[in-house]
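below is the structure, and that's it, no one-letter string:
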């Protein structure tokens, strides 16, 4: 790929950096200096008050800005944009230097141009590179083991960028070139983002949680209070929650695989893979990982609440009352072989489904997914994913068993909550079953390999490539 850059100044001697200068003695400047010292660099700080150096890492030198600038070719500017003005008086000392701007803003659109571009106008004789602004001081202190290890870099001079890349590699970090200095605004916006890929999944999760909770509340608690004059509101805390959590988990798991199936049908309809999906489908497919992780969180809650059921006072009371009644009436609770099969199958499907659910969550972690090739990853996320959905759906069917046949289950003519939660998973499984039939699977495979249906044989299409990979 050709870099989108313009060579502004010819730099020589930008091989291994023995001396690195840092303007600024704040948290980031101190953390960066410590890492550089550990990597074998000589660190020189430029400070407006060189005598105040008690907090700086041991082994670093402290000088005035002008003196420090003369000791190194690469200078990290670890000060806020509001304090850039002092650099104009150092224009001669900074001539030909590489200034690494690591600053960020408090909000988007605060200034008409990026901090790095503004810095390049203040010191036109220097070469400005935007880097290290997405790395926190804590990440540098922790050695990058428990934090982001990727350094995003942009600039107009390839030699200057390579010098910064070499420093990043020496610190045990990875570097990614994002192009010219015009990309600095984009890099400065990245630390300001707050869960951008999680917003839609969170909204879906909250919406499903609210709808199912209100639905179950009306059917169980309000119905009992209105029709039977019973106050069972205490069941909201555990019983109702343990109904709602698995319903949300099952629907959200199905929503992870529904967009892939919809994309496959769109490819079959268009007869090509070179036609862009609708924007809403693109966005949906991009957040499938987050949907799955939230579904796994609700499944964990369901498991924890289920473990708490035997120690509840309500359960103890019902068990004691039932046992006392049987003793008083001299009755025997007969063993039901069918119910035993149903109960064991219900538990087995739930445990197997949850185990595979956890496996899907583990393999979605970057540290694990990066160790898998594409075939392994797609096999786990697609084939085992649909198997997980099948087991969890079977678990729900066994939970309901024959309740749907009893008129008493339809309170106020509404179906039980578990039946509502089965709609989306059943639709996904039926459509997937249709897609894996030999005739359909063969056609989809050919389309993904580049085959296109001719305009005469089907619908005309535009050769507009989709930007989204498809996992079914």
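Sure, I can see it. Nothing here was measured: the structure is a model prediction, and the numbers come from that model.

what's the nearest residue to residue 444 if we skip its chain neighbours?
residue 264 (5.7 Å; C-beta to C-beta, 6 or more residues apart in numbering). From N, CA and C alone the C-beta is placed, and that goes for glycine too.

let me see the mean pLDDT of the helix or strand hosting that neighbour.
Using DSSP states H and E, the secondary-structure element containing residue 264 is helix 239-270. Averaging pLDDT along helix 239-270 yields 95.

that helix - contacts with which helices or strands?
Counting contacts by 3 or more C-beta pairs under 8 Å, 6 or more residues apart in numbering; DSSP states H and E, helix 239-270 is packed against helix 199-216, helix 279-286, helix 288-308, helix 385-400, helix 417-421, helix 423-435, helix 438-448.

list the buried residues for the first one?
Spelled out, that is helix 199-216. 200-201, 204-205, 208-209, 212-213, 215-216 (16 or more other C-beta atoms under 10 Å).

for residue 406, see how far away residue 381 is.
Counting by C-beta to C-beta, to the nearest Å, the separation of residue 381 from residue 406 is 39 Å.

tell me which of those two has more neighbours.
Neighbour count, other C-beta atoms under 10 Å: between residue 381 and residue 406, residue 381 has more, with 23 against 9.

touching, residue 66 and residue 93? I think so.
Yes: using C-beta atoms under 8 Å as the test, residue 66 is close enough to residue 93 to be in contact (5.1 Å).

number of residues surrounding the closest residue to residue 364 other than its chain neighbours?
Using C-beta to C-beta, 6+ apart and skipping the chain neighbours, the partner closest in space to residue 364 is residue 289 (5.3 Å). Residues near residue 289, counting by other C-beta under 10 Å, number 18.

what's the answer for residue 309, then?
12.

residue 296 too?
Residue 296: 20 surrounding residues under other C-beta under 10 Å.

nearest the geometric middle of this structure, what residue?
Nearest to the mean C-alpha position of the chain, by C-alpha atoms, centre = their mean, lies residue 290 at 5.2 Å.

what secondary structure does residue 21 sit in?
Secondary structure, DSSP: H, G, I helix; E, B strand; the rest coil: residue 21 is strand.

list the residues that contact it.
43-46, 68-69, 71-72, 74-76 (C-beta atoms under 8 Å, 6 or more residues apart in numbering).

same thing with residue 331?
Contacts of residue 331 (C-beta under 8 Å, 6+ apart): none.

now the residue of the chain positioned farthest from its centre. Its backbone dihedrals?
Seen from the C-alpha centroid of the chain, the residue lying at the greatest distance (C-alpha atoms, centre = their mean) is residue 330, 59.1 Å away. Backbone torsions for residue 330, taken as degrees, to the nearest 10, come to phi 50, psi 50.

quick check, pLDDT for it.
Reported pLDDT for residue 330: 87.

quick one on the thing from earlier: got the angle for the helix holding residue 264 vs helix 423-435?
If you take axes from the mean of the first three to the mean of the last three C-alpha atoms, to 10 degrees, helix 239-270 sits at 30 degrees to helix 423-435.

what angle do helix 199-216 and helix 239-270 make with each other?
Going by the same axes, to 10 degrees, helix 239-270 makes 130 degrees with helix 199-216.

remind me which residues of the stretch 301-450 of the chain are low pLDDT?
Counting by pLDDT under 70, not a single residue of the stretch 301-450 of the chain qualifies.

the helices in the stretch 51-200 of the chain, which residues?
Using DSSP state H, counting those that start in this stretch, the helices of the stretch 51-200 of the chain run over 65-69, 115-122, 137-141, 158-170, 184-189, 199-216.

ranking the ones you listed by mean pLDDT, which is last?
Taking the mean pLDDT of the helices of the stretch 51-200 of the chain, helix 137-141 comes last: a mean of 84.

show me the contact partners of that helix.
27-28, 30-32, 34-35, 147-149, 171.

tell me which of those has the lowest pLDDT.
residue 147 (50).

would you mind measuring from residue 362 to residue 49?
51 Å.

so those two - more neighbours on which side?
More crowded of residue 362 and residue 49, by other C-beta under 10 Å: residue 362, with 13 against 9.

which strand or helix spans the more buried one?
Going by DSSP H and E, residue 362 is part of helix 337-363.

quick one: name whatever helix or strand follows that helix.
helix 366-369.

give me the pLDDT for the nearest residue to residue 414 once chain neighbours are set aside.
Nearest non-adjacent residue to residue 414, counting by C-beta to C-beta, 6+ apart: residue 219, 6.0 Å away. Looking at residue 219, its pLDDT is 95.

how close does residue 219 get to residue 70?
Between residue 219 and residue 70 the distance is 78 Å, computed by C-beta to C-beta.

now residue 409
Taking C-beta to C-beta, one finds residue 409 at 83 Å from residue 70.

looking at those two, which is more packed in?
Neighbour totals were compared for residue 409 and residue 70, and residue 409 leads with 16 against 13 (other C-beta under 10 Å).
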